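> take this sequence and fold it.
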Amino acid sequence: MDKEAMENLLSQLARPTTALADTGVPSVALPPGWRVEQFPGLANSPSKIIDARVFRTTESVIEYAKRFLDQSTTVVFACLGPPSTLQVRFDYHAKGSPRWDQHVATLECRQTRAMDEWCAKNGSWLSHKGFAQHIRDRNEDLRDMDGDGATKRLDIMEIARRLQVAQQIDVSSAHTLSNGSSEMTYSVANQGTAGGKRNVSIPEYFGLALQPFACDETAFALQARFEYQVKNGTLEMRYELLHLEKVVELAFDHICAAVESALKVPLYQSS
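Alright, predicted model coming up:
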(Lines give C-alpha, C1' and ligand atoms only; values in the text may rest on other atoms or scores of the structure.)
Protein backbone atom coordinates (compact mmCIF):
# COMPACT_ATOMS: atom_id res chain seq x y z
CA MET A 1 0.00 0.00 0.00
CA ASP A 2 1.50 3.35 -1.04
CA LYS A 3 1.43 6.51 1.04
CA GLU A 4 -1.47 8.18 -0.83
CA ALA A 5 -3.68 5.12 -0.48
CA MET A 6 -2.80 4.95 3.19
CA GLU A 7 -3.82 8.59 3.74
CA ASN A 8 -7.15 8.04 1.94
CA LEU A 9 -7.83 5.02 4.10
CA LEU A 10 -7.07 6.90 7.28
CA SER A 11 -9.38 9.74 6.35
CA GLN A 12 -12.29 7.32 5.92
CA LEU A 13 -11.87 5.49 9.17
CA ALA A 14 -13.76 6.51 12.26
CA ARG A 15 -11.12 5.28 14.61
CA PRO A 16 -8.07 7.54 15.17
CA THR A 17 -4.67 6.52 13.90
CA THR A 18 -1.81 5.91 16.29
CA ALA A 19 1.94 5.86 16.23
CA LEU A 20 3.60 3.38 18.57
CA ALA A 21 5.44 5.47 21.12
CA ASP A 22 8.27 2.99 21.72
CA THR A 23 9.19 2.38 18.08
CA GLY A 24 7.63 5.16 16.02
CA VAL A 25 6.24 2.64 13.53
CA PRO A 26 3.17 4.01 11.65
CA SER A 27 0.08 1.96 12.55
CA VAL A 28 -3.68 1.97 12.13
CA ALA A 29 -6.66 0.07 13.51
CA LEU A 30 -8.36 -1.74 10.62
CA PRO A 31 -11.76 -3.42 10.42
CA PRO A 32 -13.02 -5.99 11.05
CA GLY A 33 -12.09 -6.17 14.70
CA TRP A 34 -10.06 -2.97 14.56
CA ARG A 35 -6.82 -4.82 15.01
CA VAL A 36 -3.76 -2.58 14.97
CA GLU A 37 -1.63 -3.13 11.86
CA GLN A 38 1.89 -1.75 11.49
CA PHE A 39 3.34 -0.25 8.31
CA PRO A 40 7.11 0.01 8.87
CA GLY A 41 7.67 0.69 5.18
CA LEU A 42 6.04 4.11 5.59
CA ALA A 43 8.53 5.24 8.24
CA ASN A 44 11.40 7.53 7.27
CA SER A 45 13.90 4.96 8.53
CA PRO A 46 13.82 1.56 10.30
CA SER A 47 13.32 1.65 14.04
CA LYS A 48 15.82 -1.16 14.64
CA ILE A 49 18.35 -3.24 12.72
CA ILE A 50 17.21 -6.74 11.76
CA ASP A 51 20.09 -8.54 10.11
CA ALA A 52 21.89 -11.89 10.31
CA ARG A 53 25.24 -12.05 8.52
CA VAL A 54 27.59 -15.02 8.13
CA PHE A 55 31.36 -14.44 7.83
CA ARG A 56 34.20 -16.68 6.71
CA THR A 57 37.22 -14.94 8.28
CA THR A 58 38.01 -13.63 11.75
CA GLU A 59 39.18 -10.29 10.37
CA SER A 60 35.95 -9.65 8.48
CA VAL A 61 33.64 -10.32 11.43
CA ILE A 62 35.78 -8.04 13.63
CA GLU A 63 35.67 -5.18 11.11
CA TYR A 64 31.92 -5.57 10.66
CA ALA A 65 31.33 -5.69 14.42
CA LYS A 66 33.26 -2.48 14.98
CA ARG A 67 30.76 -0.61 12.77
CA PHE A 68 27.88 -1.41 15.12
CA LEU A 69 29.63 -2.00 18.42
CA ASP A 70 27.87 -0.79 21.56
CA GLN A 71 29.67 -2.08 24.63
CA SER A 72 26.51 -1.80 26.72
CA THR A 73 24.50 -4.16 24.48
CA THR A 74 26.98 -6.28 22.49
CA VAL A 75 28.01 -9.76 23.62
CA VAL A 76 29.75 -12.71 21.95
CA PHE A 77 28.74 -16.36 22.20
CA ALA A 78 31.33 -19.01 21.27
CA CYS A 79 30.38 -22.62 20.57
CA LEU A 80 33.03 -25.29 19.94
CA GLY A 81 31.30 -27.67 17.53
CA PRO A 82 31.09 -29.25 15.20
CA PRO A 83 30.06 -26.95 13.81
CA SER A 84 32.19 -24.37 15.60
CA THR A 85 30.70 -20.87 15.53
CA LEU A 86 31.18 -17.48 17.11
CA GLN A 87 28.22 -15.09 17.25
CA VAL A 88 28.39 -11.35 17.87
CA ARG A 89 24.97 -10.20 19.09
CA PHE A 90 24.61 -6.42 18.95
CA ASP A 91 21.31 -5.81 20.77
CA TYR A 92 21.38 -8.47 23.44
CA HIS A 93 19.39 -8.39 26.67
CA ALA A 94 20.63 -6.62 29.77
CA LYS A 95 19.39 -7.07 33.32
CA GLY A 96 15.98 -5.40 33.54
CA SER A 97 16.24 -4.29 29.90
CA PRO A 98 15.08 -6.92 27.38
CA ARG A 99 15.95 -6.29 23.74
CA TRP A 100 14.97 -7.64 20.35
CA ASP A 101 18.27 -9.50 19.76
CA GLN A 102 17.73 -9.50 15.98
CA HIS A 103 21.10 -8.17 14.78
CA VAL A 104 23.67 -10.98 14.67
CA ALA A 105 27.02 -11.55 12.98
CA THR A 106 28.11 -15.21 12.86
CA LEU A 107 31.63 -16.46 12.21
CA GLU A 108 31.60 -20.00 10.83
CA CYS A 109 34.79 -21.85 11.77
CA ARG A 110 34.95 -24.48 9.06
CA GLN A 111 37.74 -27.03 9.01
CA THR A 112 40.36 -26.69 6.32
CA ARG A 113 40.71 -29.25 3.55
CA ALA A 114 44.03 -30.35 5.03
CA MET A 115 42.40 -30.97 8.40
CA ASP A 116 39.56 -32.90 6.77
CA GLU A 117 41.94 -35.14 4.84
CA TRP A 118 44.19 -35.95 7.80
CA CYS A 119 41.18 -36.62 10.05
CA ALA A 120 39.47 -38.81 7.43
CA LYS A 121 42.33 -41.36 7.47
CA ASN A 122 43.27 -40.95 11.13
CA GLY A 123 43.58 -44.38 12.77
CA SER A 124 42.68 -46.32 9.60
CA TRP A 125 44.88 -49.10 8.28
CA LEU A 126 45.98 -48.36 4.71
CA SER A 127 47.85 -50.37 2.11
CA HIS A 128 51.49 -49.40 1.75
CA LYS A 129 50.70 -47.68 -1.54
CA GLY A 130 47.63 -45.91 -0.12
CA PHE A 131 49.64 -44.63 2.84
CA ALA A 132 52.46 -43.47 0.58
CA GLN A 133 50.03 -41.66 -1.72
CA HIS A 134 48.43 -39.84 1.22
CA ILE A 135 51.84 -38.71 2.51
CA ARG A 136 52.87 -37.45 -0.92
CA ASP A 137 49.53 -35.66 -1.46
CA ARG A 138 49.82 -33.84 1.90
CA ASN A 139 53.62 -33.40 1.97
CA GLU A 140 53.33 -29.62 2.58
CA ASP A 141 51.88 -30.38 6.04
CA LEU A 142 54.93 -32.39 7.18
CA ARG A 143 57.37 -30.76 9.59
CA ASP A 144 60.68 -31.64 11.20
CA MET A 145 60.55 -32.80 14.81
CA ASP A 146 63.01 -31.75 17.49
CA GLY A 147 64.61 -33.78 20.26
CA ASP A 148 65.98 -37.32 20.62
CA GLY A 149 65.02 -39.59 17.76
CA ALA A 150 63.75 -36.57 15.85
CA THR A 151 62.12 -37.28 12.52
CA LYS A 152 62.83 -35.11 9.52
CA ARG A 153 60.21 -34.22 6.94
CA LEU A 154 62.46 -35.57 4.18
CA ASP A 155 62.74 -38.93 5.99
CA ILE A 156 58.97 -39.43 5.78
CA MET A 157 58.95 -38.31 2.16
CA GLU A 158 61.68 -40.86 1.32
CA ILE A 159 59.73 -43.66 3.02
CA ALA A 160 56.64 -42.69 0.99
CA ARG A 161 58.66 -42.64 -2.24
CA ARG A 162 60.13 -46.08 -1.63
CA LEU A 163 56.77 -47.59 -0.70
CA GLN A 164 54.85 -46.09 -3.58
CA VAL A 165 57.02 -47.64 -6.32
CA ALA A 166 56.69 -51.14 -4.86
CA GLN A 167 53.80 -53.24 -6.10
CA GLN A 168 54.31 -55.88 -3.42
CA ILE A 169 56.37 -55.79 -0.22
CA ASP A 170 57.35 -58.92 1.68
CA VAL A 171 58.53 -58.16 5.23
CA SER A 172 61.11 -60.66 6.45
CA SER A 173 61.97 -59.11 9.83
CA ALA A 174 61.46 -56.07 12.02
CA HIS A 175 62.86 -54.95 15.34
CA THR A 176 62.60 -51.88 17.57
CA LEU A 177 65.59 -49.57 17.95
CA SER A 178 66.65 -47.78 21.12
CA ASN A 179 65.17 -44.46 19.92
CA GLY A 180 61.69 -45.98 19.52
CA SER A 181 61.78 -46.35 15.73
CA SER A 182 61.60 -49.69 13.94
CA GLU A 183 64.06 -51.25 11.50
CA MET A 184 62.21 -53.25 8.87
CA THR A 185 63.81 -55.64 6.41
CA TYR A 186 61.78 -56.33 3.30
CA SER A 187 61.97 -57.42 -0.29
CA VAL A 188 60.13 -55.90 -3.25
CA ALA A 189 58.43 -57.64 -6.17
CA ASN A 190 57.57 -55.51 -9.21
CA GLN A 191 55.93 -56.98 -12.29
CA GLY A 192 56.96 -60.49 -11.36
CA THR A 193 60.59 -59.60 -10.67
CA ALA A 194 61.85 -60.17 -7.17
CA GLY A 195 64.21 -57.64 -5.69
CA GLY A 196 66.90 -58.03 -3.06
CA LYS A 197 66.39 -57.41 0.61
CA ARG A 198 66.27 -53.80 1.76
CA ASN A 199 66.12 -52.02 5.08
CA VAL A 200 64.00 -49.03 6.05
CA SER A 201 63.76 -47.21 9.36
CA ILE A 202 60.16 -46.52 10.41
CA PRO A 203 59.98 -43.64 12.95
CA GLU A 204 57.70 -43.93 15.94
CA TYR A 205 56.36 -40.42 15.35
CA PHE A 206 56.36 -37.77 12.66
CA GLY A 207 55.48 -34.07 12.84
CA LEU A 208 52.77 -31.98 11.21
CA ALA A 209 51.73 -28.33 11.13
CA LEU A 210 48.00 -27.96 10.41
CA GLN A 211 45.67 -24.99 10.13
CA PRO A 212 42.51 -26.35 11.81
CA PHE A 213 40.06 -23.62 10.71
CA ALA A 214 39.73 -21.84 7.38
CA CYS A 215 38.73 -18.57 9.09
CA ASP A 216 42.13 -18.22 10.80
CA GLU A 217 45.50 -18.81 9.13
CA THR A 218 47.32 -19.88 12.30
CA ALA A 219 48.89 -23.34 12.05
CA PHE A 220 49.41 -25.61 15.07
CA ALA A 221 51.98 -28.36 15.60
CA LEU A 222 50.81 -31.96 15.91
CA GLN A 223 52.50 -35.30 16.39
CA ALA A 224 51.36 -38.43 14.60
CA ARG A 225 52.17 -41.93 15.85
CA PHE A 226 53.37 -44.12 12.95
CA GLU A 227 52.43 -47.83 13.02
CA TYR A 228 52.59 -50.77 10.65
CA GLN A 229 51.48 -54.41 10.59
CA VAL A 230 51.68 -57.40 8.29
CA LYS A 231 48.22 -58.86 7.75
CA ASN A 232 47.70 -61.90 5.53
CA GLY A 233 51.09 -61.25 3.99
CA THR A 234 50.24 -57.62 3.18
CA LEU A 235 52.02 -54.63 4.69
CA GLU A 236 49.57 -52.09 6.15
CA MET A 237 50.29 -48.72 7.73
CA ARG A 238 48.43 -46.11 9.73
CA TYR A 239 48.94 -42.98 11.79
CA GLU A 240 47.22 -41.61 14.89
CA LEU A 241 47.01 -37.85 15.40
CA LEU A 242 47.92 -37.27 19.04
CA HIS A 243 45.93 -34.84 21.21
CA LEU A 244 43.83 -33.81 18.19
CA GLU A 245 40.88 -32.53 20.24
CA LYS A 246 43.20 -30.38 22.35
CA VAL A 247 44.74 -28.82 19.23
CA VAL A 248 41.30 -28.00 17.81
CA GLU A 249 40.31 -26.49 21.16
CA LEU A 250 43.47 -24.36 21.23
CA ALA A 251 42.81 -23.16 17.69
CA PHE A 252 39.25 -22.15 18.57
CA ASP A 253 40.40 -20.41 21.77
CA HIS A 254 42.89 -18.48 19.64
CA ILE A 255 40.05 -17.18 17.45
CA CYS A 256 37.91 -16.30 20.49
CA ALA A 257 40.80 -14.42 22.09
CA ALA A 258 41.38 -12.39 18.92
CA VAL A 259 37.71 -11.34 18.77
CA GLU A 260 37.49 -10.61 22.49
CA SER A 261 40.66 -8.51 22.38
CA ALA A 262 39.52 -6.52 19.34
CA LEU A 263 35.95 -5.82 20.54
CA LYS A 264 36.49 -5.71 24.33
CA VAL A 265 33.01 -7.06 25.07
CA PRO A 266 31.88 -10.07 27.17
CA LEU A 267 32.50 -13.47 25.54
CA TYR A 268 30.61 -16.53 26.76
CA GLN A 269 31.24 -20.19 25.96
CA SER A 270 27.93 -21.79 25.01
CA SER A 271 26.54 -24.89 23.39
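> give me the element the nearest residue to Leu208 once chain neighbours are set aside is part of.
Using CB to CB, 6 or more residues apart in numbering and skipping residues adjacent in sequence, the residue nearest Leu208 is Leu222, 4.5 Å away. Quick note: C-beta positions are derived from backbone N, CA and C, even for glycine. Taking DSSP states H and E as the definition, Leu222 sits inside strand 220-231.
> so which elements touch that strand?
Counting contacts by 3 or more CB pairs under 8 Å, 6 or more residues apart in numbering; DSSP states H and E, strand 220-231 packs against strand 205-210, strand 234-241, helix 244-263.
> the ones you listed: lowest mean pLDDT?
Comparing mean pLDDT over the helices and strands packed on strand 220-231, the weakest stretch is strand 234-241, at a mean of 92.
> number of residues surrounding the residue nearest to Leu208?
A count of neighbours around Leu222, defined by other CB atoms under 10 Å, yields 20.
> now do the strands in the stretch 101-250 of the chain.
103-109, 126-127, 142-143, 168-176, 182-190, 193-202, 205-210, 220-231, 234-241 (DSSP state E, counting those that start in this stretch).
> list the buried ones in the first one?
Same thing as strand 103-109. Neighbour counts over strand 103-109 (16 or more other CB atoms under 10 Å) mark 103-105, 107-109 as buried.
> surely the residue nearest to Leu208 touches Tyr239?
No. Using CB atoms under 8 Å, Leu222 is not in contact with Tyr239, being 10.2 Å away.
> related to what we said a few turns ago, so of the helices and strands packed on strand 220-231, which one's packed in deepest?
Neighbour counts (mean count of other CB atoms under 10 Å) averaged over each of the helices and strands packed on strand 220-231 peak at strand 205-210, with a mean of 20.
> just give me how far stretch 113-126 sits from the chain centre.
15 Å (CA atoms, centre = their mean, to the nearest Å).
> ends of that stretch, what's the gap?
20 Å (CA to CA, to the nearest Å).
> tell me the mean pLDDT over that stretch?
Averaged across stretch 113-126, pLDDT comes to 97.
> in it, what's buried?
114-115, 117-118, 121, 126.
> give me the helix or strand of this protein that scores worst on average pLDDT.
Lowest on mean pLDDT, DSSP states H and E among the helices and strands of the chain sits strand 18-19, with a mean of 46.
> give the next helix or strand downstream of that strand.
strand 26-30.
> show me how this protein divides into domains.
What the record gives for the chain is the domain set 3-42, 51-111+251-269, 113-242, from automatic domain parsing.
> how about Arg99, nearest residue that isn't a chain neighbour?
Leaving aside its sequence neighbours, Arg99 sits nearest to Asp91 (CB to CB, 6+ apart; 4.6 Å).
> helix or strand: which one has that neighbour?
Assigned by DSSP H and E, Asp91 falls within no helix or strand.
> any idea how far Leu267 is from it?
Using CB to CB, to the nearest Å, Asp91 is found at 17 Å from Leu267.
> Gly33 too?
Distance of Gly33 to Leu267, computed by CB to CB: 47 Å.
> more crowded one of the two?
Per other CB under 10 Å, whichever of Gly33 and Leu267 has more neighbours is Leu267, with 18 against 7.
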